[in-house]
Structures are given as C-alpha cells and as structure tokens.
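A.B. asks: prediction below, plus the sequence it came from.
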There are 2 protein chains.
Amino acid sequence: MSDEELISIWMRPERLERSGPGRRPGYSREQITRAAVRIADAEGVEAATMRRIGGELGTGAMSLYRYVPKRDDLFDLMIDLAMGELELPAEPSGDWRGGLSLVACETRAAGLRHPWLTPLLSGRPTLGPQLLRVHEFALGALDGLGLDIDEMTGYVDMVNDYVHSAIRREIGWLEEARRTGLDPERWKRDYIGPYVRQIVGSGAYPLFGRSVQESRTAHLSPAERFRHGLDRVLNGIGAQLPAGRAGHRA
Amino acid sequence: MSDEELISIWMRPERLERSGPGRRPGYSREQITRAAVRIADAEGVEAATMRRIGGELGTGAMSLYRYVPKRDDLFDLMIDLAMGELELPAEPSGDWRGGLSLVACETRAAGLRHPWLTPLLSGRPTLGPQLLRVHEFALGALDGLGLDIDEMTGYVDMVNDYVHSAIRREIGWLEEARRTGLDPERWKRDYIGPYVRQIVGSGAYPLFGRSVQESRTAHLSPAERFRHGLDRVLNGIGAQLPAGRAGHRA
DNA sequence: ATCATTTCGCGTACTTCGTACTCGAAATGG
DNA sequence: CCATTTCGAGTACGAAGTACGCGAAATGAT
C-alpha cells in the first residue's frame, strides 16, 4: 500500500544480507550517501542531483530508488553520515563546560567541512542515530548537576542554537557567493560591500553602523569569534546552574 | 552588461515614477511580493512559483521578470515585507529586557503567521531595510549599559539565534507534515510516533528517553515554552551585564 | 498629428529536476 | 531447469526557472 512509503527512513532499513531468490544488490545506501556527500562538499547540495549521484556511481538516476525512497530521505542519510564524524568520548567526562564545548567545536568543524550540513539540519527535523548519539552526549554533559531533564534539554538546545547560527553566519556569505558563481572576494567587493557602505553612510542605522566600523572582533579569526560567542552562551548557563556547580568562567 | 544583474536587490530600486518614453508598468514589486506571500502563507513557499504568482495576478510567469531579477530576490522581498510587520516603537524604552523580549515575541508572531519566514531567513543572508530596522531596535535595547558594540551585537545575535531556532522547533514537524501532504495528527501518530517509541523503548539513549517521558514542559502551551527558553537566554545575558544593570530576573 | 524611441506584457521554448512505469537480466530454491 | 523474486536502468512525464523575441503602448520631437 501507499502506507509503506510514509515511514521514516530510519524505520526502513535496507535489507542487505538476505537469503532467498532474486538478484543481489550492487550498491548500498552508504555508498550512495557517500557519493552524494562527496558531490555536495565540492559543488553544493544543489549539485547532488539523482542523475549526478548515479553518474558518480556509474549508473543512472533511477537505480538509486532501489535504495532510497525519495531524495529528501537521502538528505537525512547525508546528515547522519556527517554527524557520525563528530569525535566524542563514549562517556561524559564530568566537566559540563568541557563537554558542551567539545560538542560545539566538533559540530562547527563538521559544518565547515560540509557547508551543506547546517542549512539542511536546520531545515528539516531529523532524528538519525548519529544525531541522537551527539544529543545524548550533550545531555550527559549536564547530567548530575541537579537540573531536571527539561532544564538540561533547554540548555543543550541553547548551545546548539548558538552553534548552528554561528556556523551559518560564518559560511553564509561564502555559500551565497558560490551559489551565484562568483569568487568570494569579488562578490564581497562588488556585491555586498557597496550596499553596506551605502547603509552605513546613510546614517539611518547608527548602531549597525558602529557594529561595522568600530568592531574589534571583525579582525579576529573566525575560530576566535566562535569561541567568544560560545563563551557568552556558556557563561550564561553557568550563571544559572545550582550554586557551586558553575565551574570556572572563561 | 552582465554586471548589472549581480547587484543586490536593495540597490536595484524599481523605477516607478519615470518621465520619458515607454509604456507604464502595470504591476509593482510590492504587488508581486504580496501575492507571493499570500500563496506561501496558504500553501508553502514551494507553491509560490513564478507561474503561480503570475496566475494570482492574472498574468504569466515571465511578466514578473520586469520587476524582480531572479526568484531568489523575490524571497528577499518577501522576508522584508514580513519583517515590516513587527510592531516596534521608534525609540528603545530604556528597559533592555523588555526591549529584547518585544523583538523576540514579535519575531515569533511573524514566524508563526508566515511559516516560510524563519527557514528563508536562516537560509540566506539578507539585509533589507525592515530587517535593519528590527536589528537596530534590538541593538538600541542594549545601548547605554556600558557594553561595547561587539558585546551588544553578540547578545543580540544570541537572542536571535534562540528565537529563530525555537520557531523552527515549533513549526518544524507541522511544516514537514504539510510538505508530505498528510494532516499533522495522522503524521505524528503514524510517521514520527512509532519511531520515537522505538528509540525510547530501545534504551540506547536514556537521557533522550527521559526528555520524552519525564518532560513537564511538554504539556505547556508553545507560547509558554517559548517564554521559558527566552527567559533562560535573557537570564544568561543579565548575569553578564556590568554590575547593577541586570534588572529583575523572571 | 506622425513617427522614432523606449519600455512593458507575455507567449514560446529550452534545460533540468524528481520520479512513475516498465521490462529484461540475474540470482535463488525446488 | 524452471518458477519466483529482486535488481538495473531506459524512457518518459510534469513542473520548475528563465532566455529570447515580438507586438503593444506610451512618450517626446518634429
């Protein structure tokens, strides 16, 4: 029935080892997903079309549909493959701040390696096993501090919200430049630069103008800017933890 | 030249009042944008195609290209139209917490009225006049507290990051259900429900399991959940403000 | 008033996407 | 060796963005 197709990809495992009649599969979900990731890394998600992925594997577009129900499900698989790259210990270390920082930095690293990851991740609610693993680790970092589960989830979400938005800020204009096909330098100079200059020059938005002209963090490395923002978030959390659990501030 | 087309939509004003030869335009950017917003509100952004918008206006797809260079620019216009709906006083009130709360709640209201707004906004870096107006107001809420401009921007971003992510969490599954064409109730029951039950039942992610089963906030209204998360963020900011400026905690 | 010039409206058509359908090839169990 | 099942992949369809070009309309100059 059509009900079959309305099941989450995570409840539709591919049947690999099978004993029975019928031809054996020549490809696999993982192989297809890896090809899609490879293309998306190099040329953007929009280049990872079914035909292109098939081409990468030496076959046609339709062959992929034996392994992935829809293209959107392939996105879920790509997300989970990328989330699997985050290197996290199996058990939390007992240092909440270190644990959350680790998740944040690993997430950022993956988001920069795969510029499509963060946009996809914030675009669709997905719950693959690797994402759950990361989420569980983050929750674990806040376990045992006297917080109830809702507070723990709230703080983890808060860190994640910052991290995802910060990554988008970091890759946003670069990706936009790539989409339009210009090289980033020229794009910044000819496209966004004149507009920002006009806004600032108009004086209509004085505080925004100051944030452009007086910024001292603008000349920091992206990694340092990320760190500063993350510290702001973690300090905010630390200030609200039960007394004596806050740890050191950065 | 082709350079012409690589200019930000905000630096390409439509020439309305014009004295010279040539036929007079029969439509306008605003009219087109309003039609696009109307369709996107009712049927999702993906329904707001050029043909469909043209149809809404009683014309064809190609007529729109006299007013909007590319479809993506139309998205920028839609975003700015929606941001224009935020009702904010011209001047900040001097109450930083109230000011940021106001921006947060107005943003949430607009994001719920226009479910496409938040995904679009976090998908593409845009700087329309109405967005700048809102940003300026938010910065103004933190002005005069002894923060430098980078800190002000950092805290404003922090609130915005939370707000946008919270809105996405709120509309995420609803939108996903709409996209797949199912009614939300059935979607939750047949699609995501069994999967979450399986995860929780497996015991592989105990803390995630607790966040599903022991949650007390799950039965609160979405507005109250949003409030709680916002208070967490604002408390975090208040704790880091120069002494004596923090104001009351919620 | 007439006409050259400029701009607008929009039909046609091309490319590219996801994917439904179909059928021959291959692999197994009896 | 054959019935049954599954896979590979070609063909094709509908819908998307938009390049192109032409006739209609509106103005200023004569």
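C.D. replies: Perfect, thanks for sending it.

A.B. asks: quick check, central residue of chain A?
C.D. replies: Nearest to the geometric centre of chain A sits A:Thr118, at 3.1 Å (C-alpha atoms, centre = their mean).

A.B. asks: give the contact list for it.
C.D. replies: A:111, A:164, A:167-168, A:171 (C-beta atoms under 8 Å, 6 or more residues apart in numbering or on different chains). C-beta here means a position set from N, CA and C on the backbone, and glycine is covered the same way.

A.B. asks: so which of those also contact chain B?
C.D. replies: Counting by C-beta under 8 Å from any C-beta of the partner chain, A:164, A:168 from those sit close to chain B.

A.B. asks: most neighbours, which of the contacts of A:Thr118?
C.D. replies: A:Ile167 (25 neighbours; other C-beta atoms under 10 Å in any protein chain shown).

A.B. asks: next up, the contacts around it.
C.D. replies: Contacts of A:Ile167 (C-beta under 8 Å, 6+ apart): A:107-108, A:111-112, A:118.

A.B. asks: related to what we said a few turns ago, and the furthest pair within the contacts of A:Thr118?
C.D. replies: Distance extremes for these: the farthest pair is A:His164 and A:Ile171 at 11.1 Å, using C-beta to C-beta.

A.B. asks: hey, what's in contact with both of these two?
C.D. replies: Joint contacts of A:His164 and A:Ile171 (C-beta under 8 Å, 6+ apart) are A:111, A:118.

A.B. asks: the nearest residue to A:Arg71 once chain neighbours are set aside: what's it in contact with?
C.D. replies: Taking C-beta to C-beta, 6 or more residues apart in numbering or on different chains, and ignoring the residues beside it in sequence, A:Arg71 has A:Met50 as its nearest neighbour in space, at 6.2 Å. Contacts were defined as C-beta under 8 Å, 6+ apart; by that measure A:Met50 touches A:61-62, A:64-65, A:71.

A.B. asks: what do you get for A:Leu74?
C.D. replies: If you count contacts by C-beta under 8 Å, 6+ apart, then A:Leu74 has A:32-33, A:36, A:53, A:64, A:68 around it.

A.B. asks: ramachandran coordinates for A:Gly20?
C.D. replies: phi 160, psi -180 (degrees, to the nearest 10).

A.B. asks: what number of residues lie near it?
C.D. replies: Counted with other C-beta under 10 Å, A:Gly20 comes out at 5.

A.B. asks: look up how far DNA strand D lies from it.
C.D. replies: 6 Å (C-beta to the nearest atom of the strand, to the nearest Å).

A.B. asks: output the worst-scoring helix or strand of chain A on mean pLDDT as CSV, restricted to C-alpha atoms.
C.D. replies: Within chain A, no helix or strand scores below helix A:184-187, which has a mean of 83 by mean pLDDT, DSSP states H and E. The C-alpha atoms that make up helix A:184-187 are tabulated as CSV, following Å, rounded to 0.1, in the frame of the first residue of the first chain:
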residue,chain,number,x,y,z
PRO,A,184,34.1,35.3,-2.8
GLU,A,185,36.5,38.2,-2.9
ARG,A,186,34.9,39.8,-5.9
TRP,A,187,31.5,39.0,-4.5
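
A.B. asks: contacts for the helix or strand just after it?
C.D. replies: Next helix or strand after helix A:184-187 toward the C-terminus (DSSP states H and E): helix A:193-202. Applying C-beta under 8 Å, 6+ apart, the external contacts of helix A:193-202 come out as A:205, A:208-209, A:212-213, B:8, B:10-11, B:127, B:132.

A.B. asks: which of the residues you listed are buried? Put it as a ChimeraX command.
C.D. replies: Filtering the contacts of helix A:193-202 down to the buried ones (16 or more other C-beta atoms under 10 Å in any protein chain shown) takes a single ChimeraX command:
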select /A:205,208,209 /B:8,10,127,132
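
A.B. asks: returning to what we had before: which ones among the contacts of A:Ile167 are found in helices?
C.D. replies: A:107-108, A:111-112, A:118 (DSSP state H).

A.B. asks: next, A:Gly144: phi, psi?
C.D. replies: The phi/psi pair for A:Gly144 (degrees, to the nearest 10) is phi 80, psi 10.

A.B. asks: list the contacts of it.
C.D. replies: Contacts of A:Gly144 by C-beta under 8 Å, 6+ apart are A:Gly94.

A.B. asks: on that earlier part again, can you put the contacts of A:Thr118 in CSV and add distance to DNA strand D and secondary structure?
C.D. replies: Output for the contacts of A:Thr118, formatted as CSV (distance: C-beta to the nearest atom of the strand, whole Å; DSSP: H, G, I helix; E, B strand; the rest coil):
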residue, distance to DNA strand D, secondary structure
A:Gly111, 27, helix
A:His164, 27, helix
A:Ile167, 26, helix
A:Arg168, 22, helix
A:Ile171, 22, helix
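
A.B. asks: for the contacts of A:Thr118, give me a markdown table that also has distance to A:Glu91 and pLDDT.
C.D. replies: Shown next, in a markdown table, are those (distance: C-beta to C-beta, whole Å; pLDDT from 0 to 100):
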| residue | distance to A:Glu91 | pLDDT |
| --- | --- | --- |
| A:Gly111 | 25 | 98 |
| A:His164 | 25 | 97 |
| A:Ile167 | 26 | 97 |
| A:Arg168 | 31 | 95 |
| A:Ile171 | 32 | 93 |
